[in-house]
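Engineer: This is the structure alone, sequence omitted:
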Ligand SMILES: C[S@@+](CC[C@H](N)C(=O)[O-])C[C@H]1O[C@@H](n2cnc3c(N)ncnc32)[C@H](O)[C@@H]1O
């Protein structure tokens, strides 16, 4: 996680504007309600938090990431805004099974909503992670994934993969489609040259 510890220092300044509208759309699709518990996986610097807060719903949010540097930034953001319905924990998303989650949070919990923005193209063993995340959802719970897929690889794809330590060849939405109900996917209006491929948001609900 050393690279993301370093990246945390300039992540928001480099990327916040680029993804702002896409985050708004992702939160719309997450469709949160009062009293729900939400998990933001690979939450990074907490860039989704203000969009979640702007829903004005009375939810409780757990953010998790494997980089201490990224988590330090998100913790600072929480403190600066006095957000008392968000807490963070450090975890390798590959380990995020129900028993492991119970150890991390000291309680048995499943989530109403799970969101993962630009995480599954970065985390190794993403298919295992996706299965785990579905396991952590309540029945009919909703998962929203934002990520990039490079249909045609070019220099920008290579560059983004280098900078983000990502693999933009992963057909993440296809896996989500095969494992969820009410699947939907849309492309987000961000230039391919800026993100190395097509930015998409995919949503599905957990099967019973
Ligand atoms: C491109 S950033 C996305 C951050 C944030 N979700 C956002 O939308 O800005 C990828 C994130 O994945 C995290 N990450 C990488 N490997 C991970 C792992 N094995 N478990 C959990 N988080 C991981 C990194 O620390 C980083 O915060």
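Structural biologist: Thanks, I have the structure now. Here the structure is a predicted model, which means the values were calculated and not measured.
Engineer: Any residue of the strand ranked longest in the chain touching the ligand?
Structural biologist: Ranked by residue count, the top strand of the chain under DSSP state E comes out as strand 137-149. No: taking CB under 6 Å from any ligand atom as the criterion, strand 137-149 and the ligand are apart, separated by no less than 7.2 Å. C-beta: built from backbone N, CA, C; applies to glycine.
Engineer: ok, then the element right after that strand?
Structural biologist: Remark: after strand 137-149, the chain's next helix or strand is helix 155-164, criterion DSSP states H and E.
Engineer: tell me the mean pLDDT over that next one?
Structural biologist: Confidence over helix 155-164 (mean pLDDT, whole number) is 97.
Engineer: Enumerate the positions of that helix that are buried.
Structural biologist: Residues of helix 155-164 classed as buried: 156-157, 160-161, 164 (neighbour count, 16 or more other CB atoms under 10 Å).
Engineer: Residues of this structure that sit close to the ligand?
Structural biologist: 1, 4, 42-44, 47, 65-67, 70, 92-94, 117-119, 122-123, 164.
Engineer: Restrict those residues to the buried ones and give me that as a ChimeraX selection.
Structural biologist: What follows is the ChimeraX syntax for the buried subset of the residues of the chain next to the ligand, where burial is set by 16+ other CB under 10 Å:
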select :1,4,42,43,44,47,65,66,67,70,93,117,118,119,122,123,164
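Engineer: who does the top helix by length along the chain touch, helix- and strand-wise?
Structural biologist: For the chain, the helix that runs over the most residues, judged by DSSP state H, is helix 11-30. Helix 11-30 makes packing contacts with helix 49-53, helix 68-81, strand 111-117, strand 137-149, strand 198-206 when contacts are defined by 3 or more CB pairs under 8 Å, 6 or more residues apart in numbering; DSSP states H and E.
Engineer: In the chain, which residue is most central in space?
Structural biologist: When CA atoms, centre = their mean is applied to the chain, the residue found nearest the centroid is residue 116 (1.7 Å).
Engineer: what about it, distance to residue 127?
Structural biologist: Separation of residue 116 from residue 127 (CB to CB, to the nearest Å) stands at 13 Å.
Engineer: ok, and for stretch 187-195, which residues are buried?
Structural biologist: Of the residues in stretch 187-195, 188, 190, 192, 195 count as buried by neighbour count, 16+ other CB under 10 Å.
Engineer: these two touch, right, residue 42 and residue 118?
Structural biologist: Yes: checked against CB atoms under 8 Å, the pair residue 42 and residue 118 is within contact range at 7.4 Å.
Engineer: shared neighbours, residue 116 and residue 127?
Structural biologist: Here residue 116 and residue 127 share no contacting residue, scored by CB atoms under 8 Å, 6 or more residues apart in numbering.
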